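**Student:** let's see this in three dimensions:
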Amino acid sequence: MTQITLDCLKPYVGTGDTLEEYEGQRDLHTFPIQDVFGGPLTMLPVSRTKKWKVENLKNVQTYFDTIKDCDRAKWHRDFVGNM
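**Tutor:** This is a model prediction of the structure:
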């Protein structure tokens, strides 16, 4: 696998643990696999809304802040090279 295509949610804003879908449109984006930095995530739909509750959302942001400047492409090359 070299990439993954996802229907993205709106960017995180606020202090809660929910993310919201785009209304009436899709936001498809293809990510290089080395940019997938964690998971799987537990996401539960919020009843009667276009929102998703994401368990440990703050931890995801904290982890991203820790690794965002790392050479994730090298990590991926090293991982694939060791298979």
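
**Student:** point me to the residue sitting closest to the centre of this structure.
**Tutor:** Central residue of the chain (Cα atoms, centre = their mean): V36, 6.8 Å from the mean position.

**Student:** ok, now which ones touch that residue?
**Tutor:** I4 (Cβ atoms under 8 Å, 6 or more residues apart in numbering). (Glycine included, C-beta is placed from N, CA and C.)

**Student:** that one and H29, how far apart?
**Tutor:** Counting by Cβ to Cβ, to the nearest Å, the gap from V36 to H29 is 12 Å.

**Student:** which parts of the helix or strand harbouring T62 are buried?
**Tutor:** Element membership of T62, judged by DSSP states H and E, is helix 57-67. Neighbour counts over helix 57-67 (16 or more other Cβ atoms under 10 Å) mark 57, 60 as buried.

**Student:** ok, now stretch 36-56?
**Tutor:** Buried residues in stretch 36-56 (16+ other Cβ under 10 Å): 51-52, 54.

**Student:** just stretch 1-14 next, same as before
**Tutor:** Neighbour counts over stretch 1-14 (16+ other Cβ under 10 Å) mark 9, 12 as buried.

**Student:** residues in contact with that stretch?
**Tutor:** If you take Cβ under 8 Å, 6+ apart as the criterion, stretch 1-14 is touched by 19-22, 26-33, 36, 52, 57, 61.

**Student:** mind checking which of those are in helices?
**Tutor:** Counted as lying in helices by DSSP state H, out of the contacts of stretch 1-14, are 57, 61.
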